[in-house]
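Colleague: model this:
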Amino acid sequence: MNGLRNLGLAAGMAAMLFGGSAVTRAESDYPNRPIRVIVPYPAGGIVDIVARAVTEQVGRDWKVPVVMDDRPGANGNIGTALAARSEPDGYTWLVTGPAVLVNPTLYKDAGWDAMKDFKCVGLAIWNQSVALVDPAMPVRTLGEFVELARQKPSEFNFGNPGTGSSIDLTAQKLFQAANIRLANIDYKGQPQALIDLMTDRMHFEIVSLALALPHIKTGKVKPLAVFTEKRIADLPDVPTIAEAGYPDASYVSWYGIYVPSATPEALVAKIHAGINAALENPQVERQLSVADIPGKPLQLNELAGLMKADYDKLTSVIKASGIKPQ
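Modeller: A predicted model of the protein is given here:
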């Protein structure tokens, strides 16, 4: 019996030893096959542009293919849930914005818990946005628009590019800070909402700066405030949201790269280092600057802190806005 017991123990120890060696070898060989990058939004959108700029540079640096997998649908839920279910082997990355943090609050069956199922490994890209009205609107400042909206409650509308999107959350923070109510008009993305603003079908929009800037310069829309910490060079006469009188509405959304939380720490560290190196690559810096999306390398603890802070902040905004889970 003792011999059998010892044989069993030896076999168990061998399995642990060789199993551990296989894991260590897989980590040391990483990456040795294509990396799949899931973007839960349409190709050509702002998240897709950011994802390609940074992750494809990581692929060039590592000399491995990067395969973009755009999985739009259900306000980002389809692609995000797919990433949450992926193997934690470092070969599936998710690039997304605040929806990864807030959708489980908005949808009863989103398919993941952001703080338990994902780890942010890099890419703090700040998506600057701007508050816009139609040029015919008889206001010159955000304060004047707020006063007009208070005088005529629910007479003005807001084009919402997606419940729980960064634009929606930015708008909800402003509406709460300014104590105004605008009729919510749902759109599938920002472009159509912006077109309707320019053709006098909408009254108020918050739009990504990269998308809005060409139309601001041609006078097709009127900017009231930028959601940035400082004024931007392209719009030096447009105040920040804090300068406009609503510091509590200040919010700059960001996009992150996530992996399943069970991904080994050694792989997390390597992915994080690769992303930060890509963000400092001159070609990537030029691509992001052209799109008015500044990038900033952050350490893993900073990313975790940013993720937790935004989760707390944005879920509070959703609850205060009265949005009911779907």
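Colleague: Can you give the strand pairings for the longest strand along the chain, parallel or anti for each?
Modeller: Counting by DSSP state E, the longest strand found in the chain is strand 118-127. Paired neighbours of strand 118-127 in the sheet (DSSP bridges): strand 253-260 (antiparallel), strand 295-296 (antiparallel).
Colleague: So which residues of the stretch 201-326 of the chain form helices?
Modeller: With DSSP state H, counting those that start in this stretch as the criterion, the stretch 201-326 of the chain has helices at 209-217, 265-279, 282-290, 300-321.
Colleague: Which one of the ones you listed lies nearest to Thr92?
Modeller: Nearest of these to Thr92, taken as C-beta to C-beta: helix 265-279 at 11.0 Å. The way it works is simple: take the backbone N, C-alpha and C, and place the C-beta from them, glycine included.
Colleague: What is the closest one packed up against?
Modeller: helix 46-62, strand 118-127, strand 253-260, helix 300-321 (3 or more C-beta pairs under 8 Å, 6 or more residues apart in numbering; DSSP states H and E).
Colleague: Identify all contacting residues around that helix.
Modeller: Residues outside helix 265-279 that contact it (C-beta atoms under 8 Å, 6 or more residues apart in numbering) are 27, 30, 54-55, 57-58, 61-62, 89-90, 93, 119, 121-123, 257, 259, 284-285, 295-298, 300.
Colleague: so what's Trp62 up against?
Modeller: Contacts of Trp62 by C-beta under 8 Å, 6+ apart are Pro31, Gly274.
Colleague: which residues does Val39 bridge with?
Modeller: The partner residues for Val39, given DSSP bridges, come to Asp70.
Colleague: So, low pLDDT: which residues of the stretch 151-300 of the chain?
Modeller: 291 (pLDDT under 70).
Colleague: could you dump the helices and strands packed on helix 265-279 to TSV with distance to Ser166?
Modeller: Output for those, formatted as TSV (distance: least, C-beta to C-beta, whole Å):
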stretch	distance to Ser166
helix 46-62	9
strand 118-127	6
strand 253-260	3
helix 300-321	9
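Colleague: Ok, which of those comes nearest Pro161?
Modeller: helix 46-62 (10.5 Å).
Colleague: relative to helix 265-279, how tilted is the closest one?
Modeller: 100 degrees (axes from the mean of the first three to the mean of the last three C-alpha atoms, to 10 degrees).
Colleague: Next, the buried residues of helix 46-62.
Modeller: Using 16 or more other C-beta atoms under 10 Å as the test for burial, helix 46-62 gives 46-59, 62.
Colleague: before we move on, back to that, what angle separates the longest strand of the chain from helix 209-217?
Modeller: Using the same axes, to 10 degrees: strand 118-127 against helix 209-217 is 20 degrees.
Colleague: List the buried residues of strand 118-127.
Modeller: Phe118, Lys119, Cys120, Val121, Gly122, Leu123, Ala124, Ile125, Trp126, Asn127.
Colleague: Next secondary structure after that strand?
Modeller: As assigned by DSSP states H and E, the chain's next helix or strand after strand 118-127 is strand 129-133.
Colleague: wait, doesn't Gly122 sit right on Gln299?
Modeller: No - if you go by C-beta atoms under 8 Å, Gly122 and Gln299 don't touch, sitting 9.7 Å apart.
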